[in-house]
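1. Sequence first, predicted model second:
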Amino acid sequence: MSIIIRFVVSPEDLERCHEVRYKVFSDEQGYDRSAEVDGLDPECLHWVAVNEHGQGIGTARLYKYSPTVGKIGRVAVLSSTRGTGLGRQIMEALEKYVQEQLPEMEILRLSSQWPRRGFYEKLGYETQGDIYPDEGQPHILMEKKVVRE
């Protein structure tokens, strides 16, 4: 399978991101579909993974939370491609962009679903604080310092 991960610049790619998010978060996990594309979406930077047929199969977004903190969100991979390393590749593409294009950003922060925190821990993210509910699901805040060579 040939997969391309790219920074989103077209409306078509953004729609691919939304389709993946709807399938994963709303259809699969039961989150409110109307809340999936929120008011922050236009301000975010987005990444999409597409297969050889041009279909979106994974995504993530980055929001500038403060001058030095970026908030990662909406990280999703279709069930048919989970376990292939695609989620890690998307996160690595996002982090590389931050390292190269956003020199002011010092910390990456995210809100992980509690059962999925191990995925982020393997990428160097550390839990912060206590578990809290988000749409009825337990979440934990996680952070990672941006490392530049």
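-> Thanks, I have the structure now.
2. now the end-to-end length of stretch 48-66.
-> End-to-end distance for stretch 48-66, by CA to CA, to the nearest Å: 24 Å.
3. now that stretch: mean pLDDT?
-> The pLDDT scores in stretch 48-66 average 97.
4. before we move on, what about stretch 25-36?
-> Mean predicted confidence for stretch 25-36 is 89.
5. For it, list every residue counted as buried.
-> 25, 31, 36 (16 or more other CB atoms under 10 Å). For the C-beta atoms, the positions are set from N, CA and C on the backbone; glycine is no exception.
6. Can you lay out those residues as CSV showing distance to residue 66 and secondary structure?
-> Listed next are the buried residues of stretch 25-36 as CSV, based on distance: CB to CB, whole Å; DSSP: H, G, I helix; E, B strand; the rest coil:
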residue, distance to residue 66, secondary structure
25, 25, helix
31, 26, coil
36, 24, coil
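7. And those residues, which is closest to residue 13?
-> residue 36 (16.6 Å; CB to CB).
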